[in-house]
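# sequence unknown, structure follows:
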């Protein structure tokens, strides 16, 4: 067992002054019996459980007073993250501002975007050329040299807190880089470290795994194991050959990874994004996805966090349909993740854009809206990753959209191969045999900003901007935390220069991970520019969202019948108001029956007094119902 001082810093296990309340002890006591029961059920190892609890106290004692004060404040308001005022932005540190100090210097711009939740993409030490965008971690406690130091990260967290910004970071749980100390020692033959991974001398057991475990990336990492000729063994590598899967059946792995997670928390990180959560428990004869033990591990992490750092949230990355995503919230009595990504809705939004058909989106929103109000989703249009077309094909097939040809249609549409397409982008992990592929591109390029700009098409640009704003309006209308990808606020388009970089050119995801174009920011104040029209439209929507309590998570959300497969109508009912949103996903001007009336939140004009609302292609309305007011109808003309 390591000395706690080596792990936790200068205050490993200091004694409390006489009479001081044992806050950690009281918090741990709330969960102790369940935590021990779950731990022993998995590991049956009392010594490692005792070591874990002892070290948790050391971590708590080392936690800064300012962070403990923030914990107490958030404990007093456990729904602090579920209001309507949070707005997120995700970014790569190097692409946005060069390094961590650069991000700190540009916090004024972040604030001007209305952002108070900042997600920094993976920045811990990763090997050049085999980093997977930072998801192949070689050291969980060191920042990539070109981005700065751990001290820079901690200083940035302090500055963010001073400006009311919560900081989010990725925690890569499933695997380490082959350059990690554990992997190097395992490769050198140390059995203790080989036991932290999945090493096999012979092919028999890996072959049994391969019979039931689907491949994550068939075109880039065929099979789930990599042969190491220098060791004479096979090692499990579910994602890429240079990422070795961790063996969470080993209590040492769980304990040490918990310490790494809490290391980030003690730096001042407010939200820990658990990467690839469904994969973290492996068991022969299964798919190694969504196994019960995964939920045990996440539940233990939730309880540990509530004892050590209750102000820190767990965000789960679960890229699956709602029925498989929801269990990662746990239950109201035994919660797991505080928040989850609304992945299915994101992919379905783009399907809806391509098909001009809202039926699947409406069906999936009905499922999401039917979940307990305590469940909080993180909503987004684009992120750092590709878009996978994991849609509900059982439903789509009933409408004549078969899986293989429909995926082909979506990819052809968004890469601009179809004659009527306005999108531009590239495929990712294209499998010529199955004809399956994912898609990459920025929001602006997918909406047509790139094509219209290249062609000098003013009408096309007006339509592209309207679509971009409408999609953001739809996202902002959902409960949970809306997150924009850095650059979307100024309409940044695809960056094809990645093809000139030998370390990136084989990964088309870098097309939407381009360097932030600061020259575009200058255009925000220039009337009529793409940047001015987008930025100011989004800021108006974001401001309105923060002002209305019906956007809070506790409000009732529902879909309404529009009578038109191209139009989606949503309602949100709070304690004092009911908001409605009408979204036209089609390229045609629409007349939408609307007899309830109300006031347009953006213009202040009356809506629907004549029993209908007119919407231009890709237009929308945000309104507030005022049933007792006299109304005069208005229309948004084409």
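Yep, that arrived. Quick caveat: nothing in here was measured; it's all calculated off a predicted structure.

# Check which strands are paired with whichever strand or helix holds residue 227 and give the direction for each one.
Assigned by DSSP states H and E, residue 227 belongs to strand 225-228. Within its sheet, strand 225-228 is paired with strand 233-236 (antiparallel), according to DSSP bridges.

# next SSE after the partner strand?
Note on strand 233-236: by DSSP H and E, the next helix or strand toward the C-terminus is strand 243-245.

# in the chain, which residue is closest to the centre?
Taking CA atoms, centre = their mean, the centroid of the chain lies closest to residue 341, which sits 5.0 Å from it.

# Tell me the confidence at it?
Reported pLDDT at residue 341 in the predicted model: 93.

# ditto for the one 10 residues further on
With respect to pLDDT, residue 351 has a value of 98.

# can you tell me which residues contact it?
Residue 351 sits next to 360, 361, 389, 391, 410 when contact means CB atoms under 8 Å, 6 or more residues apart in numbering. C-beta here means a position set from N, CA and C on the backbone, and glycine is covered the same way.

# what about 7 Å?
360, 391, 410 (CB atoms under 7 Å, 6 or more residues apart in numbering).

# Check residue 243 too.
132, 136, 175, 177, 237.

# Now it. Nearest residue, chain neighbours left out?
residue 175 (4.2 Å; CB to CB, 6 or more residues apart in numbering).

# where's that neighbour relative to residue 56, distance?
Noted for residue 175: a distance of 24 Å to residue 56, by CB to CB, to the nearest Å.

# and what of residue 184?
28 Å.

# Name the residue in the two with the higher neighbour count.
Between residue 184 and residue 56, counted using other CB atoms under 10 Å, the more crowded position is residue 56 (22 against 14).

# Distance-wise, check the more buried one relative to residue 497.
Distance of residue 56 to residue 497, computed by CB to CB: 46 Å.

# ditto for residue 573
In this view, residue 573 and residue 497 are 48 Å apart by CB to CB.

# from what I can see residue 566 touches residue 586, true?
Yes: Residue 566 lies in contact with residue 586 (CB atoms under 7 Å); the separation is 3.2 Å.

# Which neighbours do those two have in common?
residue 356.

# follow-up on the earlier one: which of the contacts of residue 243 has the most neighbours?
Scoring those on neighbours with other CB under 10 Å, the highest-scoring entry is residue 175 at 27 neighbours.

# What are the phi and psi values at that residue?
Backbone torsions for residue 175, taken as degrees, to the nearest 10, come to phi -150, psi 170.

# quick one, strands of the stretch 1-150 of the chain?
Remark: strands assigned in the stretch 1-150 of the chain by DSSP state E, counting those that start in this stretch are 88-91, 117-120, 124-125, 139-143.

# whoops, I mixed them up, the stretch 201-350 of the chain
Listed in chain order, the strands of the stretch 201-350 of the chain (DSSP E, counting those that start in this stretch) span 225-228, 233-236, 243-245, 271-275, 313-316, 339-341.

# what's the second one in contact with?
Counting by CB under 7 Å, 6+ apart, the neighbours of strand 233-236 from elsewhere in the structure are 197-201, 203, 206, 224-228, 244-245, 282.

# switch to 8 Å and redo it
Residues outside strand 233-236 that contact it (CB under 8 Å, 6+ apart): 186, 194, 197-201, 203, 206, 209, 224-228, 244-245, 282.

# From these, list just the buried residues.
Neighbour-count burial (16 or more other CB atoms under 10 Å) applied to those gives 186, 194, 197-200, 206, 209, 224-226, 228, 244-245, 282.

# So for stretch 291-301, what gets flagged as buried?
Neighbour counts over stretch 291-301 (16+ other CB under 10 Å) mark 291, 293, 294, 295, 296, 297, 298, 299, 300, 301 as buried.

# who touches the last one in this structure?
Each residue near residue 301 by CB under 8 Å, 6+ apart is listed here: 258, 261, 274, 314.

# Which residue ranges make up the domains of this protein?
Per automatic domain parsing, the domain ranges recorded for the chain read 22-172+250-341, 175-245, 552-624.

# closest one to residue 544 among those?
Ranking the domains of the chain by distance to residue 544, with CB to CB as the measure, places domain 552-624 first at 5.4 Å.

# That closest one: end-to-end distance?
One end of domain 552-624 sits 15 Å from the other (CA to CA, to the nearest Å).

# Just give me how far it sits from the chain centre.
Distance of domain 552-624 from its chain centroid, counting by CA atoms, centre = their mean, to the nearest Å, is 28 Å.

# Is residue 354 part of a helix or strand, or is it coil?
Using DSSP: H, G, I helix; E, B strand; the rest coil, the structure places residue 354 in helix.

# and the gap between it and residue 589?
In terms of CB to CB, residue 354 sits 20 Å off from residue 589.

# so where's the stretch 501-638 of the chain uncertain?
Applying pLDDT under 70 to the stretch 501-638 of the chain flags residues 627-638.

# ok, now the stretch 351-500 of the chain?
Residue ranges of the stretch 351-500 of the chain with pLDDT under 70: 433-434.

# mind listing the helices for it?
Here the stretch 351-500 of the chain has its helices, by DSSP state H, counting those that start in this stretch, at 359-369, 393-398, 403-414, 443-447, 449-455, 458-476.

# Show the contacting residues for residue 475.
Contacts for residue 475 were tallied using CB under 8 Å, 6+ apart; they are 349, 379, 380, 381, 482.

# Kindly reformat the contacts of residue 243 as JSON lines containing pLDDT and distance to residue 490.
Formatted as JSON lines, these follow (pLDDT from 0 to 100; distance: CB to CB, whole Å):
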{"residue": "132", "pLDDT": "88", "distance to residue 490": "27"}
{"residue": "136", "pLDDT": "96", "distance to residue 490": "31"}
{"residue": "175", "pLDDT": "98", "distance to residue 490": "35"}
{"residue": "177", "pLDDT": "98", "distance to residue 490": "34"}
{"residue": "237", "pLDDT": "96", "distance to residue 490": "38"}
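
# Which single one of these is nearest to residue 423?
Closest approach between the contacts of residue 243 and residue 423, by CB to CB: residue 132, at 26.0 Å.

# Now that closest one: closest residue in space, sequence neighbours ignored.
Take residue 132 and drop its neighbours on the chain: the residue closest to it by CB to CB, 6+ apart is residue 240, 5.9 Å away.

# Understood, closing this out.
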